[in-house]
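1. Requesting a structural model of the entry that follows:
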Amino acid sequence: MDKRIPVNLPLIGNEEIEAVAKVLKSGILTGRVQSGPFVKKLENGFAEFVKARHAFAVNSGTAALHLALLAADVGVGDEVVVPSFSFIATAEVVALVGAKPVFVDIEPLTYNIDPEKIEKAITKKTKAIIPVDLYGLPADMKPIREIADKHGLVIVEDAAQAHGAVYSGKPAGSFADISCWSFYASKNMTTGEGGMMTTNREEYADRLPFMRAHGEKEEYFSSMIGHNYRMPEVMGAIGYVQLQKLPKFLQARRKNAARLTEKLGKVEGLLLPSEPKGYRHSWYLYTVRLKDASESVRDKMVEKLRKKGIGATVYYRTPIHLMPYYRRFGEFRLPETEKAAKQVFSLPVHPAVTAEQIDYIAETVVNLLR
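-> Below you'll find the predicted structure:
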């Protein structure tokens, strides 16, 4: 058995190669105001997959988040409530539009933003909330939706890791005003880079497709603020093929996660990922936690796993509010965030991981903890 098991792996086959070749032969490499034919097929297919009225492809998940805030008129003087336990893009886009990220703590079992903490963080300057579906488990969106409606706030859901996840019987993203997805190389489906914005709100659907193309509703006439965030046709071709494979990818991830949970279920001192009632995890990352362990103990565990060929990885080692640039926005007391960042690590469950490898991962973890 090959024991070199990366934490995630893009799965590209002949179908994607053939689709890319078709794009190159066609001579249509990108759209301008409108999407190219492959990108349009990806948009239509993804909208159907997540049961959204509208889907607009862009060239990264970060671009999706940035445009979502711009479309919601978030800017200088505004505040946006965000978790600190996330990839940097979640807060980065807030700073990019000139607003202030207000960091709140997470729920210790789901690692997602705590709705009760959101309510306490809202001020007269608050304009939006960005909940994150971390590791592929949706945030608790019903109370977040209630808070947003009560205070007149926009919800931009960072669903970058949640393709195929379900919350309260609906696909991830269903309770937000705009939801943002990533197709980065490691994600549940990929276009290499790439992202998508989905929405059921017509006022955003009227703006988002043009904002990704310099605000042009017609060529060389900009009617609103925008950026060059278009998705090229090569990426759209890869993504359209990947979307057809996504259900099988998700099924394999779920099967691997279930097997790993079964093997690790009785290990003392190890907290396994949760899937609360009414949720369906996408299993982008299978994240475990060394209970009551120090950061150095966790790091030694990760190092030992890597020496055994298992690509254990820490997501995310440094909470955003503790990063140098983001300290300017104030001091935030986030004990659950800081504790989780010192204790979690993720194990491979992607579709290319075999049952034999899952058993090897579990056996290695158990032996090292002993």
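
2. So the spatially most central residue of the chain versus V20, what's the distance?
-> Residue closest to the mean C-alpha point of the chain, counted by CA atoms, centre = their mean, is A160 at 2.1 Å. A160 sits 23 Å away from V20, going by CB to CB, to the nearest Å. Glycine gets a C-beta too; all of them are placed from N, C-alpha and C.

3. by contact count, what packs against the worst-scoring helix or strand of the chain on mean pLDDT?
-> Counting by mean pLDDT, DSSP states H and E, the chain has its least confident helix or strand at strand 216-218, which shows a mean of 92. For strand 216-218, the contact count by 3 or more CB pairs under 8 Å, 6 or more residues apart in numbering; DSSP states H and E identifies no helix or strand as a packing neighbour.

4. who touches it?
-> Under the criterion CB atoms under 8 Å, 6 or more residues apart in numbering, residues R32, V33, F210, S222, S223, G226 lie in contact with strand 216-218.

5. Sitting in helices, which of those do you find?
-> Judged by DSSP state H, the contacts of strand 216-218 include F210 as members of helices.

6. Go ahead and build a PyMOL selection from the buried members of the contacts of strand 216-218.
-> Entered in PyMOL, the line below selects the buried ones among the contacts of strand 216-218, by 16 or more other CB atoms under 10 Å:
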select buried, resi 33+210+226
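
7. returning to that earlier point: and what about the residue nearest to the centre of the chain, helix, strand or coil?
-> For A160, the secondary structure call by DSSP: H, G, I helix; E, B strand; the rest coil comes out as coil.

8. pLDDT value on it, please?
-> Among the per-residue scores, A160 holds a pLDDT of 98.

9. Could you do T62 as well?
-> At T62, the pLDDT value in this model is 98.

10. Pull out the buried positions in the least confident helix or strand of the chain.
-> Buried positions in strand 216-218, judged by neighbour count with 16+ other CB under 10 Å: E216.

11. That one: partners in the sheet, and parallel or antiparallel?
-> Using DSSP bridges, the strands paired with strand 216-218 are strand 221-222 (antiparallel).

12. Please list the outside residues in contact with the strand it pairs with.
-> Counting by CB under 8 Å, 6+ apart, the neighbours of strand 221-222 from elsewhere in the structure are H214, G215, E216.

13. what do you get if the cut-off is 10 Å, keeping everything else the same?
-> Strand 221-222 has contacts (CB atoms under 10 Å, 6 or more residues apart in numbering) with V33, F210, M211, A213, H214, G215, E216.

14. What is the next helix-or-strand element following it packed up against?
-> Following the chain from strand 221-222 toward its C-terminal end, the next helix or strand by DSSP states H and E is helix 233-264. In terms of contacts (3 or more CB pairs under 10 Å, 6 or more residues apart in numbering; DSSP states H and E), helix 233-264 is packed against helix 14-26, helix 37-49, strand 54-58, strand 195-199, strand 286-290, strand 344-347, helix 355-369.

15. can we see that at 7 Å?
-> With contacts defined as 3 or more CB pairs under 7 Å, 6 or more residues apart in numbering; DSSP states H and E, helix 233-264 has these neighbours: helix 14-26, helix 37-49, helix 355-369.

16. Point out the most buried one among those.
-> Across these, averaging neighbours per residue (mean count of other CB atoms under 10 Å) puts helix 37-49 on top, at a mean of 20.

17. quick one, domains of the protein?
-> With automatic domain parsing serving as the domain definition, the record reports that the chain contains domains spanning 14-241, 248-369.

18. Quick one: end-to-end distance for the shortest one.
-> It stands for domain 248-369. Chord length of domain 248-369, first to last residue, is 33 Å (CA to CA, to the nearest Å).

19. Correct me if wrong: A55 contacts G45.
-> No. Contact between A55 and G45 fails when scored by CB atoms under 7 Å: they sit 8.5 Å apart.

20. what's near enough to touch the residue lying closest to V353 once chain neighbours are set aside?
-> Sequence neighbours aside, N256 is the residue nearest to V353 in space, at 5.4 Å (criterion: CB to CB, 6 or more residues apart in numbering). Residues in contact with N256, defined by CB atoms under 7 Å, 6 or more residues apart in numbering, are V349, V353, I358.

21. How many residues are close by the closest residue to the last one other than its chain neighbours?
-> Closest residue to I358 in three dimensions, ignoring its sequence neighbours and counting by CB to CB, 6+ apart: R259, at 4.8 Å. Residues near R259, counting by other CB atoms under 10 Å, number 17.

22. Next: K342.
-> 18.

23. same question, E303
-> Residue crowding around E303 was assessed by other CB under 10 Å; the count is 11.

24. sorry, back to before: of all the contacts of strand 221-222, which two lie farthest apart?
-> Considering CB to CB, no two members of the contacts of strand 221-222 lie farther apart than V33 and M211, which are separated by 11.5 Å.

25. before we move on, the earlier item: format the contacts of strand 216-218 as a markdown table; extra columns: pLDDT.
-> As requested, the contacts of strand 216-218 are arranged in a markdown table below (pLDDT from 0 to 100):
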| residue | pLDDT |
| --- | --- |
| R32 | 86 |
| V33 | 85 |
| F210 | 97 |
| S222 | 95 |
| S223 | 94 |
| G226 | 96 |
